[in-house]
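> Provide a 3D model corresponding to the input given below.
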Amino acid sequence: MIDLKVPSYPVARTPGDPDFQFKRPGAWEPGAMGNPLDQFPHLVAICISSGGIPKRPISSVRISTTGLESDGHHHEKHDRPSQAVCLQDIEKLDELQAEGYPLYCGTTGENLTVGNLNVNALPVGTILEFSGGLVIRLTKVRQPCYVLDAINPKLKEAIIGRCGYYAEVVKEGILKAGETIHVVDLALFRG
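As a prediction, this is how the structure comes out:
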């Protein structure tokens, strides 16, 4: 596992903030040498809410087998260990933004916004190890829900195949924005 010392991302601004811009947290300015994290899977944002969407970014959180501390669910179907964590790629949010949907980290209800992972391309059962020690296993491809209608009635169709993943917690821990992610080689477990 590669262990990099990475800077924490600033807390993402939301559309209600006066200086909000549709720009992913931690994005480097044009002309910069490039973000070294872009080469590796990493955690862009951690988001929670008392229930429903949007979820709001926080800098760190304790995650147990029941999910993120202080994160609520309005629907009982989401309140289960196999769906303790919801992940989404920042690149998918960026694509959808370019298509005109006003999305930012946490808007679609994801807990963890990740970069350079392409989570929807990973198979069920993939294990992700975060540099701070948290370990999760992907359990279910996330399907669009009617709550996305509050953002845009067409979003449910546009996000199909780009909606992220649910995961269960294998090893509990404290998670901080900016951590790197190691995708465990499943071939090791196939014998």
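> and the gap between residue 55 and residue 73?
For residue 55, the distance to residue 73 equals 11 Å [C-beta to C-beta, to the nearest Å]. Heads up, the C-betas are built off the backbone N, CA and C, glycines and all.
> Comparing those two, which shows the higher neighbour count?
Between residue 55 and residue 73, residue 55 has the larger neighbour count (other C-beta atoms under 10 Å), namely 25 against 16.
> For residue 170, see how far away that one is.
Separation of residue 55 from residue 170 (C-beta to C-beta): 22 Å.
> Kindly report the same for residue 47.
Relative to residue 170, residue 47 is positioned 21 Å away (C-beta to C-beta).
> what mean pLDDT does the top helix by length along the chain have?
When the chain is parsed with DSSP state H, its longest helix is helix 90-98. On average, the pLDDT along helix 90-98 is 97.
> before we move on, the earlier item: residue 47 and residue 170: which has the busier surroundings?
Higher neighbour count among residue 47 and residue 170: residue 47, with 28 against 14, using other C-beta under 10 Å.
> isn't that one right next to residue 104, touching?
No. Here residue 47 does not reach residue 104: they are 9.5 Å apart, not a contact under C-beta atoms under 8 Å.
> Between those two, which contacts overlap?
residue 54 (C-beta atoms under 8 Å, 6 or more residues apart in numbering).
> Ends of stretch 54-66, what's the gap?
For stretch 54-66, the separation between the terminal residues is 20 Å (C-alpha to C-alpha, to the nearest Å).
> Where do the helices of this structure begin and end?
Using DSSP H, helices in the chain cover 90-98, 155-158.
> possible to save these as JSON lines with distance to residue 174 and mean neighbour count?
Formatted as JSON lines, the helices of the chain follow (distance: least, C-beta to C-beta, whole Å; neighbours: other C-beta atoms under 10 Å):
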{"stretch": "helix 90-98", "distance to residue 174": "22", "mean neighbour count": "18"}
{"stretch": "helix 155-158", "distance to residue 174": "32", "mean neighbour count": "16"}
